[in-house]
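1. quick check, what structure comes out for this input:
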Amino acid sequence: MTIKQHSLAPWQHKHQYMNTHRSGERNTRYVLYLTVVTMFAEIIAGTFYGSMALLADGWHMGTHAAAFMIALFAY
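-> All right, here's what the predicted structure looks like:
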């Protein structure tokens with residue numbers, strides 16, 4: 001009985017990470033700030049104009065902001 005051995009070399013590759021995690025963390029903070037500002041703008045505009053779509057999207061942006069905060073916690 002012959003056992004064939006296979007090499008994993010064709011399936012392997014090197015991961016190239018950024019030099020530091022600080023730039024990724026900084027960029028994530030910028031996106032978080034932009035998301036929160038947009039969220040409040042949509043909630044205020046939705047309340048002022050009586051738009052259910054703006055209100056719903058504004059509150060939905062809150063879930064995105066929460067996800068970015070989780071990402072920042074991971075950094």
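
2. where's Leu32, which helix or strand?
-> Secondary structure from DSSP states H and E places Leu32 in helix 22-49.

3. what residues sit buried inside that helix?
-> By neighbour count on 16 or more other C-beta atoms under 10 Å, the buried set for helix 22-49 is Thr28, Leu32, Thr35, Val36, Met39, Glu42, Ile43, Gly46. Just so you know, the C-beta spots here come from the backbone N, C-alpha and C atoms, and that holds for glycine as well.

4. buried stuff in stretch 47-56?
-> Applying 16+ other C-beta under 10 Å to stretch 47-56 flags Leu54, Leu55 as buried.

5. put the alpha carbons of it into PDB.
-> Provided in PDB are the C-alpha atoms of stretch 47-56 (Å, rounded to 0.1, in the frame of the first residue of the first chain):
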ATOM      1  CA  THR A  47     -37.500  64.700  13.100                       C
ATOM      2  CA  PHE A  48     -37.700  68.200  11.700                       C
ATOM      3  CA  TYR A  49     -39.100  67.200   8.300                       C
ATOM      4  CA  GLY A  50     -41.200  64.300   9.600                       C
ATOM      5  CA  SER A  51     -39.400  61.700   7.400                       C
ATOM      6  CA  MET A  52     -39.600  58.200   8.700                       C
ATOM      7  CA  ALA A  53     -37.000  57.100   6.200                       C
ATOM      8  CA  LEU A  54     -34.400  59.500   7.600                       C
ATOM      9  CA  LEU A  55     -35.300  58.500  11.100                       C
ATOM     10  CA  ALA A  56     -35.000  54.800  10.400                       C
END
